[in-house]
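Engineer: With the input below, show me the fold.
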Amino acid sequence: MNFFLSTDIIIGVNEAMRLIDSIRQLAISRPGIIYDANLAGSFYFQDVLKNITSAFENCVLYCNDFNGEPTYAHLEKTSEFFRQHKPDGLVAIGGGSTLDLGKGVALLMTNPVPALSLKGFPENVNDPVPLITVPSILGSGAEVSYNAVFIDENEGRKLGINSRRNFPKKSVIDPLLSMTAPMESVISTAMDSLVHCIDSFGSIRHSPLSRIFSVEGFQRTFYALQQGQLDRAEARLDLALGSICGTVALMNSGDGPTNGFAYYLGVKQKVPHGLAGAIFLKEVMRYNFDHGYDKYALLNPMRSSPSPKDATQELLEEMDELYRQLDIPNLVPYGYAKGNVAELAKNASEALKGSFAGNPVAFTEESARYIINNLT
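Structural biologist: Just a heads-up that it's a prediction; the model follows:
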């Protein structure tokens, strides 16, 4: 069994106001700050940024106003900006896309090569400059992972730069930074956590240790969503812990069909990644259950039945209720109907063989067609 996690994590209300301590601990004297453009209107973020710029008058600021998930071309452009200004460390503040951008820039600052040359799983790369991640939305898990997702516009695929050298040195998680995020984004990223937890739990490559994180992450995220009080800092802390646990589990087990479907739909229809995964999640779970997989019962701490089959059925019914509560859509709003089910199933199956292979029961193009048919 192999298990890894390489990022120091600090979680708490007002921790972002102490970012200068983390910057100094990493011996960064000229920090580069990458932040989401949509944070500019947050008074709390303004205080956080003022605190940093007061302590480091020579810091380099970059506002990431790129619309959507980052491309390799955008990564190249951003990296060139920081190469010109030469910070000796980076702080990325924002959603998953901005945190991934920070990982890519940190690596390219010490590896003067085209961004596209690092796509996939690059080897023999230099260590990046130190990176601190500060999420403003809780669910993607980008703050603690080594994966950095980027879109290859020529191929129309999400590929990314995936090197263990990409691990942020520190992650500072402050729920107050997420309080101005639109509720639909909060829900979407929380659903992303559920996908990570459930895909990693069922993965054929899971380990007993990764499952501990899968279960804890699922229960914290699911409970926070069920309670419907996501405007409270306490709920955001649960989402933060769920995000970390789900991502740690996923890194140490691999994904499954749901995460794969989300990547495909997200690129093709520009659906937010978390929402794209949510669309497929419940149907993938039900497909697995209908084909004999009843271990989802272990995710359900409130199960009233000792029978794994009955307890899994209870959990699926709770998922049905949660989907109604959150108004999670099917595929119809994104242009899919019975007439193009076969095409979507074929294309997704060809692109996502690796994700399909991680499923706890055999999952084929016919399986994909069955699930997509239920969503149209």
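
Engineer: from here on, contacts and neighbour counts on C-alpha atoms
Structural biologist: OK.

Engineer: Just the terminal-to-terminal distance for stretch 339-358.
Structural biologist: Stretch 339-358 stretches 28 Å from its first residue to its last (C-alpha to C-alpha, to the nearest Å).

Engineer: quick one: contacts of that stretch?
Structural biologist: 203-205, 254-257, 259-261, 264, 363-366, 368-369, 372-373, 376 (C-alpha atoms under 8 Å, 6 or more residues apart in numbering).

Engineer: does residue 363 sit in a helix, a strand or a coil?
Structural biologist: At residue 363 the chain is in coil, as set by DSSP: H, G, I helix; E, B strand; the rest coil.

Engineer: Skipping its backbone neighbours, what lies nearest it in space?
Structural biologist: Spatial nearest neighbour of residue 363, excluding adjacent residues (C-alpha to C-alpha, 6 or more residues apart in numbering): residue 356 at 5.7 Å.

Engineer: Out of the contacts of stretch 339-358, list just those in helices.
Structural biologist: With DSSP state H as the criterion, helices contain 257, 259-261, 264, 365-366, 368-369, 372-373 from among the contacts of stretch 339-358.

Engineer: all strands of the chain, in order?
Structural biologist: Secondary structure of the chain by DSSP state E: the strands cover 8-11, 31-36, 60-64, 89-94, 131-135, 147-148, 151-152, 157-158, 161-162, 170-173.

Engineer: Please tell me how far the nearest residue to residue 233 once chain neighbours are set aside sits from residue 216.
Structural biologist: Sequence neighbours aside, residue 175 is the residue nearest to residue 233 in space, at 5.9 Å (criterion: C-alpha to C-alpha, 6+ apart). Separation of residue 175 from residue 216 (C-alpha to C-alpha): 19 Å.

Engineer: more neighbours, these two?
Structural biologist: Comparing residue 175 with residue 216 by other C-alpha atoms under 10 Å, the one with more neighbours is residue 175, at 26 against 19.

Engineer: Give me the local confidence score for the residue nearest to residue 363.
Structural biologist: Note for residue 356: predicted pLDDT of 87.

Engineer: Relative to residue 155, how far out is it?
Structural biologist: Going from residue 356 to residue 155 by C-alpha to C-alpha gives 20 Å.

Engineer: between the two, which one's more packed in?
Structural biologist: Neighbour comparison, residue 356 and residue 155: the larger count goes to residue 356, with 27 against 8 (by other C-alpha under 10 Å).
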